[in-house]
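Enquirer: Quick one: sequence plus predicted model below, questions after.
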Amino acid sequence: MDFNPCMKHQLIRKTVREFAESEIKPHVSLLDKESRFPWDIIEKMKPLNFFGLQVPEIYGGAGLDTISYAIVIEELSRVSAAIGLCVTVHNSVGIFPILKFGTKEQIQRFVPVMAQGESIGAFCLTEANAGSDAGSVETNAVETKNGFLLNGTKIFVTNGGVCGTILVFAVSEDISKKSCASVFIVEKDRPGFFVGEIEDLCGMRANPVSSLFFEDCQVPRENLLGKIGQGLKIGLTALDTGRIGIAAQALGIAQAAFESSVSYAKERQQFNKPLSKFQTIQNYLARMATQIDASRLLLYRAAALKDSGKPFSAEASMAKLYCSDTAKEVTDLAVQIHGGYGYSKEYDVERYFRDAKVTQIYEGTSEVQKMVIARSILSQPS
Amino acid sequence: MVSELPWDSKTGTLKRELAQGMMDPASRRALEAALQIKENQPAHICAITMGPLMAQEVLHQAKALGADEGVLLTDRKMAGADTFLTSFILARFIQTDCKDVDLVLCGSQTSDSETAQIGPQLAEELKIPAIGYANHINVLKKSVEVQRQVDDFFEILNMDLPGLITIDLCAYNPRYLSLAGVEKAFENQGIRIVNAEQLGFDETFCALKDSPTRIIDVYSPTTQKENHVLKGAVKKVVDQLFDEYGKVISSAMGKDLKTHEHDEA
């Protein structure tokens, strides 16, 4: 067992950090303030393969392993969680299900364009009355002569305002007319597809999270992903991978908050000595560092399991649960260490604090992660 | 900065295992120059460095950026080499393994010692012409046209090939690594490792002892700044500021300051 990162993973980290520090960092605060999606930065990211992280080279991607993928998201999110979110959602729940369940024709049709970043991916499951409870989805797909007619409203769609290729989770009927879930690929220019208003959220403000409307939106049969009734399977598989991405994102936020806290604790003088000389602050920093380290190990284990082709669902949930809890607690302590300045927009830690919370909610709430973990434990023979 | 790096004061050499592995900013610009040349004509780029095994990362980085191969010259016997010995060792490899080389590109200087000696010394060893601090290269049939800035003017030089050029720290803005590039750099053939014996150095070879120059110490000059707080009524403080610092302020602004103007008015 070797806990040291290999040279490739070190270079991946340096590569992303160099780009993020130089090209993203100077703009992050303003993007958050203006809730603006940074198309100019996205343009610079396209040729560097950020939009085809695990896509095989033949389809124009980087062909990275999952640990590298996690490192990329971690490093992007260390600087901008909103951009990290765009990239992880696009790659994990946008592209991955097409690669995994798509026909060769579908892969050739959708993946290369997405891998180049020319069409940003989104995955929509959540509705007004269905979030963690995927069985309550009301968006429906009625089979027609030419394909399917979609009707329904999806909410809180990450990348909603900028997406080009959307995976839609909808209720359809199987051969025996029994109700079942299926996933459809919808291109943004299809008649009957509309983007709703951008949500006014607490954090991740540079990501245009929005509602999406499907009103008699006709999609051809070739846009059905997998088979009729495979929706839940596709959804759960996508979410397992998505959870590794969100865990990495949470870890990146925690890392940023931790680094800010260490440097602030060394600089800030109170009672004629730096904060770092106070045992209370040392205890905070020690706790933050330990939680971050444990998070990282859980995350990379889940990623390594996925790369080795072994089941990783419970481990991905553990990583997501723990990394997001870490992000919330570490950013909370970071604000505390910074005192009044931490609560001010003059410092970045208040943004980390706002961004961290949602990592406990989306891609499966912490409560859902515990359900997944418990189910895995209890399903094993005693 | 050089003095911020971990130096071993006993040997006068850098503790390279403690220094974060990175490609020299100037070397990265030299590689960028090579990549831009290759974009316009067929070329084979061989990235060479000398250092401990961890320096392989820099060569992977070079491959990720577009170099065709990476070669690491590494051996305990070559550790502690000064610029004279480093140029000698690099030249030995180029003479034996890159016989058909047309153009040797180096960064103008390294960030660990900033001597700017390796390029010119390497050209001497290889007995080829050299141009330092170039900021643009135009490859012709059997020569290169090189632009460089000297003081406040530019000069354009023509040099026969084979030759050596060092690239200025302000030229050839380097590109970012693509993630596909990094992945590929590790997929293909690895980094070629060459030791002292393979370079033809015998057992008595010891770069640390054989180096004619030695670094005695590396340090930052200490400044003796102190804060001077002026206290009292505003008028008194402003007068005192102009009396004591008027000359410094006017020299920084580049024009004369009329002090006590408010008194005269």
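Expert: Okay, I see it.

Enquirer: so where do the strands sit in chain A?
Expert: Secondary structure of chain A by DSSP state E: the strands cover A:120-124, A:140-143, A:147-157, A:163-173, A:179-187, A:193-198, A:210-220, A:224-225, A:269-270, A:273-274.

Enquirer: Next, the buried residues of the fourth one.
Expert: Residues of strand A:163-173 classed as buried: A:163-173 (neighbour count, 16 or more other C-beta atoms under 10 Å in any protein chain shown). Yep, even glycine has a C-beta here, placed from its N, CA and C like the rest.

Enquirer: Now the stretch 101-250 of chain A against chain B: closest residue?
Expert: For the stretch 101-250 of chain A, the residue closest to chain B is A:A115, as judged by C-beta to the nearest C-beta, at 9.8 Å.

Enquirer: which stretches of chain B have low pLDDT?
Expert: Along chain B, segments meeting pLDDT under 70 span B:1-21, B:258-265.

Enquirer: Spell out which residues make up each domain of it.
Expert: Following automatic domain parsing, chain B resolves into domains at B:2-210, B:234-264.

Enquirer: Of all those, which one is nearest chain A?
Expert: domain B:2-210 (3.9 Å).

Enquirer: ok, that closest one near chain A or not?
Expert: Yes: residues of domain B:2-210 contacting chain A under C-beta under 8 Å from any C-beta of the partner chain: B:22, B:56-57, B:60-61, B:64, B:176-180, B:182-186.

Enquirer: Please enumerate the helices of the stretch 101-250 of chain B.
Expert: In the stretch 101-250 of chain B, the helices defined using DSSP state H, counting those that start in this stretch lie at B:118-126, B:179-187, B:207-210, B:234-253.

Enquirer: Of all these, which one comes closest to A:R221?
Expert: helix B:179-187 (33.6 Å; C-beta to C-beta).

Enquirer: quick one: contacts of the closest one?
Expert: A:7-8, A:11-12, A:15-16, A:48-50, A:52-53, A:57, A:61-64, A:68, A:72, B:60-61, B:63-66 (C-beta atoms under 8 Å, 6 or more residues apart in numbering or on different chains).

Enquirer: Show me what counts as buried in it.
Expert: Those would be B:179-186, for helix B:179-187 by 16+ other C-beta under 10 Å.

Enquirer: Chain B contacts on chain A?
Expert: Counting by C-beta under 8 Å from any C-beta, the residues of chain A near chain B are A:7-8, A:10-12, A:14-16, A:18-19, A:44, A:47-50, A:52-53, A:57, A:61-64, A:68, A:72.

Enquirer: longest helix anywhere in chain A?
Expert: In chain A, taking DSSP state H as the definition, the longest helix is helix A:231-267.

Enquirer: thinking again about what came up before, measure the nearest residue to the residue of the stretch 101-250 of chain A closest to chain B once chain neighbours are set aside to A:L297 for me?
Expert: Ranked by C-beta to C-beta, 6 or more residues apart in numbering or on different chains and with sequence neighbours excluded, the top spatial neighbour of A:A115 is A:G52, at 2.8 Å. Computed with C-beta to C-beta, to the nearest Å, the distance linking A:G52 and A:L297 is 28 Å.

Enquirer: got it, and A:S68?
Expert: Distance check for A:S68 against A:L297: by C-beta to C-beta, it reads 17 Å.

Enquirer: These two - which one has more neighbours?
Expert: Higher neighbour count among A:S68 and A:L297: A:S68, with 27 against 13, using other C-beta atoms under 10 Å in any protein chain shown.

Enquirer: Now do the contacts for A:M114.
Expert: Residues in contact with A:M114 (C-beta under 8 Å, 6+ apart) are A:51-52, A:55, A:90, A:94-95, A:98, A:120-121, A:164-165.

Enquirer: from what I can see the residue nearest to A:A115 touches A:L64, true?
Expert: No: A:G52 is not in contact with A:L64 according to C-beta atoms under 8 Å; the separation is 9.1 Å.

Enquirer: that older thread, which one among the buried residues of strand A:163-173 gets closest to B:I37?
Expert: A:G164 (37.3 Å).

Enquirer: So the closest one versus B:Q95, what's the distance?
Expert: 55 Å.

Enquirer: about what we covered before: can you redo the helices of the stretch 101-250 of chain B as TSV with distance to A:M204?
Expert: Shown next, in TSV, are those (distance: least, C-beta to C-beta, whole Å):
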stretch	distance to A:M204
helix B:118-126	48
helix B:179-187	23
helix B:207-210	54
helix B:234-253	46
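
Enquirer: do you know which of those lies nearest A:M318?
Expert: helix B:179-187 (26.9 Å).

Enquirer: Can you show me the helices along chain A?
Expert: According to DSSP H, the helices that chain A contains are A:7-19, A:28-34, A:39-45, A:66-79, A:81-89, A:96-101, A:104-115, A:231-267, A:279-307, A:313-342, A:349-357, A:366-379.

Enquirer: Show me which positions of the third one end up buried.
Expert: Same thing as helix A:39-45. Within helix A:39-45, the residues that qualify as buried are A:41-42, A:45, counting by 16+ other C-beta under 10 Å.

Enquirer: And for stretch A:187-198?
Expert: A:187-188, A:193, A:195, A:198.

Enquirer: Could you let me know which of the residues you listed ends up closest to A:D355?
Expert: Of the buried residues of stretch A:187-198, the one sitting nearest to A:D355 (C-beta to C-beta) turns out to be A:I198, at 16.5 Å.

Enquirer: right, and that closest one touches A:T158 too?
Expert: No: using C-beta under 8 Å, A:I198 is not in contact with A:T158; the gap is 11.5 Å.

Enquirer: okay, and the common contacts of these two?
Expert: Shared contacts of A:I198 and A:T158 (C-beta under 8 Å, 6+ apart): A:V209.

Enquirer: Backbone dihedrals for the closest residue to A:E367 other than its chain neighbours, please?
Expert: Of all residues not flanking A:E367 in the chain, A:S132 sits nearest, at 7.3 Å (C-beta to C-beta, 6+ apart). Here is the backbone geometry of A:S132 (degrees, to the nearest 10): phi -60, psi -30.

Enquirer: Pull the contacting residues for A:S132.
Expert: Contacts of A:S132 by C-beta under 8 Å, 6+ apart are A:364-365, A:367-368.

Enquirer: And the closest residue to A:F19 other than its chain neighbours, how close does it get to A:E197?
Expert: Once flanking residues are discounted, A:F19 sits nearest to B:Y176: 5.3 Å by C-beta to C-beta, 6+ apart. For B:Y176, the distance to A:E197 equals 35 Å [C-beta to C-beta].

Enquirer: and if you look at A:G342?
Expert: 31 Å.

Enquirer: And B:V218, by the same measure?
Expert: Counting by C-beta to C-beta, the gap from B:V218 to A:E197 is 60 Å.

Enquirer: closest to A:G102 out of the strands of chain A?
Expert: Across these, closest to A:G102 is strand A:224-225 (C-beta to C-beta), at 6.1 Å.

Enquirer: wait, doesn't A:D65 sit right on A:D307?
Expert: Yes: if you go by C-beta under 8 Å, A:D65 and A:D307 touch, sitting 4.9 Å apart.

Enquirer: More neighbours: which of these two?
Expert: Shown here are A:D65 and A:D307; by other C-beta under 10 Å, A:D65 has more neighbours (19 against 16).
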